[in-house]
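Trainee: My questions concern the predicted model and sequence given below.
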Number of protein chains: 2
Amino acid sequence: MSFKTTATIASFGGKLLKLTHQASTVDCEMALNLYLPPQASSTQHKVPVLFYLSGLTCTSDNCAEKGFFQHGARGLKIEGQDDAYDFGTGAGFYINATQAPWSSNYKMESYITNELPSALFSSFPELDSSRVSITGHSMGGHGALTLFLKNPGMYKSVSAFAPIANPSKCPWGEKAFKGYLGEDKEAWKKHDATELIAGWKGGFDCLIDVGTGDNFYKQNQLLPENFAEAAKASGNDKGLVLRYQDGYDHSYYFISTFATDHVNHAAKHLFA
Amino acid sequence: MSFKTTATIASFGGKLLKLTHQASTVDCEMALNLYLPPQASSTQHKVPVLFYLSGLTCTSDNCAEKGFFQHGARGLKIEGQDDAYDFGTGAGFYINATQAPWSSNYKMESYITNELPSALFSSFPELDSSRVSITGHSMGGHGALTLFLKNPGMYKSVSAFAPIANPSKCPWGEKAFKGYLGEDKEAWKKHDATELIAGWKGGFDCLIDVGTGDNFYKQNQLLPENFAEAAKASGNDKGLVLRYQDGYDHSYYFISTFATDHVNHAAKHLFA
């Protein structure tokens, strides 16, 4: 279905569009933000896209208002940035649920990798469908890492802020995977970034930031060490830049501080 | 009274402190944010201060989360940035009320120019009390302009985002001034930036941004043209940079886009 533009907001020289559409994959109305930087209207060339996947409970507005990705998109010539959306209860974990009653609507993986990009690229011809990167925060960082690793070639690069990096082993992930995927822990592995990196053979160049003052990190919900260890065991550690940022928490103060670094990381690959 | 630090949040290499204190001027508890950039702890020198006065209804969190001032404070070596606070009903207009029942508590002018800086400079020795600038948004832009013009020498520079620039002539200002100051319109003039600039003899170097898509601008609540005209008539127009930003609204998307310019403007004077 085509998009309805509910607001057009000037921001950092470009336009932030608040969009909604009726999505068939998840059978409900979805909301997202699309930032079109100044280059999108001033050039003949299509602009690449950076998908941003939100964390637990966040709607499409949190990152647009507080994340300051637009600033980097302008200054660094990265040009499309999508903010994510609200997943019903805000906790879809970017997978396709197999268990009733979730399996009829909780198909966020198909929505993000298939329906949403198709809809965007057909509605916004200024976006370059051949140059797409992905990033995300917390649950969205899990989404970014797993969708990158599950779909070789689909994204030019990946990065993450405080990702849930080993969901099979943390309380948030265990609850979600049990509910959406059932009790069989073998089925969980293909949705767990730590399990996926263990078998990854493609090129890998990934930036991850985690704050040492992040309470969820301290509570072992994120487990970036497990991801790093699995990357090392599979020979992918040379492509992993995992930075522990002293004293930073889990909030948008943390994300906004390092947003430009993640836009730079994506730009390196989108303009390679 | 001394400050209570309710939160310390890492942001752009420095620390954002959420502070509260019992303020005697206004006889209530006041909340504000103080951003201490990295230089505040890594240098022997005291750092200058930029006060930010919020607009109608905004609390101390709006600008800290959405305003993107911390970025400029870091990158440009401006080092103290104060966010404002919630004025009871969020509409104190940065004046001392003379009419009952407001006159006992609505003394925001004294609070901002006297009690708050005294409390900050005694509690935070890393702040340089001899280098202070002021800026603000909407009602806070009115506050910044009038406090600068009423207190020659107190602030090194002034700037404003979408200020209520001639409150005596707009619905918001008329309602507030009638309530706080009474019916005598002569008494209003000393709290109206357009009246004050008409008689201003000091140096003047002021940056003002207004979005052309700002509904309050269109509804004649802001009246920057009147301010510009009065500045011209009094020979102060050479020091006024009034920019109409195409398509921008009244929101934090507007403020964040131009925040770095306003930090730069203050830096020019604070480091002169």
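Mentor: Yep, that arrived. Numbers count the residues shown, from 1 in each chain, chains lettered A, B, ... in the order given.

Trainee: Let me know the pLDDT of residue A:74.
Mentor: pLDDT for residue A:74: 46.

Trainee: And residue A:70, by the same measure?
Mentor: Per-residue confidence (pLDDT) for residue A:70: 69.

Trainee: now swap in residue A:12 and tell me
Mentor: Residue A:12 is assigned 83 on the pLDDT scale.

Trainee: how many neighbours does it have?
Mentor: Residue A:12: 22 surrounding residues under other CB atoms under 10 Å in any protein chain shown. From N, CA and C alone the C-beta is placed, and that goes for glycine too.

Trainee: Just read off the phi/psi values of it.
Mentor: Main-chain dihedrals, residue A:12, degrees, to the nearest 10: phi 50, psi 40.

Trainee: ok, now how distant is it from residue B:254?
Mentor: The gap separating residue A:12 from residue B:254 is 10 Å, by CB to CB, to the nearest Å.

Trainee: Likewise for residue A:136?
Mentor: Residue A:136 sits 27 Å away from residue B:254, going by CB to CB.

Trainee: One more: residue A:5?
Mentor: Look at residue A:5 and residue B:254: by CB to CB, they are 19 Å apart.

Trainee: In terms of neighbours, single out the busier of these two.
Mentor: Set side by side, residue A:5 and residue B:254 show more neighbours around residue B:254, with 24 against 12, by other CB under 10 Å.

Trainee: for the more buried one, what are its contacts?
Mentor: For residue B:254, the contact set (CB atoms under 8 Å, 6 or more residues apart in numbering or on different chains) comprises A:10-11, B:161-162, B:209, B:211, B:214, B:245, B:248.

Trainee: the helices in chain A, which residues?
Mentor: A:39-42, A:60-66, A:69-75, A:108-110, A:116-123, A:139-150, A:171-181, A:185-188, A:193-198, A:215-218, A:224-233, A:252-270 (DSSP state H).

Trainee: Would you mind finding the most buried of those?
Mentor: Sort the helices of chain A by mean neighbour count, taking mean count of other CB atoms under 10 Å in any protein chain shown, and helix A:139-150 sits at the top with a mean of 27.

Trainee: before we move on, back to that, redo the helices of chain A as TSV? Include distance to residue B:265.
Mentor: Output for the helices of chain A, formatted as TSV (distance: least, CB to CB, whole Å):
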stretch	distance to residue B:265
helix A:39-42	27
helix A:60-66	24
helix A:69-75	18
helix A:108-110	45
helix A:116-123	38
helix A:139-150	36
helix A:171-181	45
helix A:185-188	54
helix A:193-198	45
helix A:215-218	38
helix A:224-233	41
helix A:252-270	22
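
Trainee: okay, now the residue nearest to residue A:37 when sequence neighbours are not counted: neighbour count?
Mentor: Nearest residue to residue A:37, sequence neighbours excluded (CB to CB, 6 or more residues apart in numbering or on different chains): residue A:14, at 3.9 Å. If you count neighbours by other CB under 10 Å, residue A:14 ends up with 24.

Trainee: isn't residue A:14 right up against residue A:33?
Mentor: No: using CB atoms under 8 Å, residue A:14 is not in contact with residue A:33, being 11.9 Å away.

Trainee: residues near residue A:201, how many?
Mentor: As a burial measure, residue A:201 scores 9 neighbours (other CB under 10 Å).

Trainee: again, but for residue A:168
Mentor: Neighbours of residue A:168 under the rule other CB under 10 Å: 17.

Trainee: try residue A:13
Mentor: Residue A:13 has 17 neighbours, counted by other CB under 10 Å.

Trainee: One more: residue A:251?
Mentor: That count, for residue A:251 with other CB under 10 Å as the rule, works out to 19.

Trainee: Now for the residue nearest to residue A:269 when sequence neighbours are not counted: which residues touch it?
Mentor: Excluding the flanking residues, the one nearest residue A:269 by CB to CB, 6+ apart is residue A:157, at 3.7 Å. Residues near residue A:157 by CB under 8 Å, 6+ apart: A:133-134, A:205-206, A:265-266, A:268-270.
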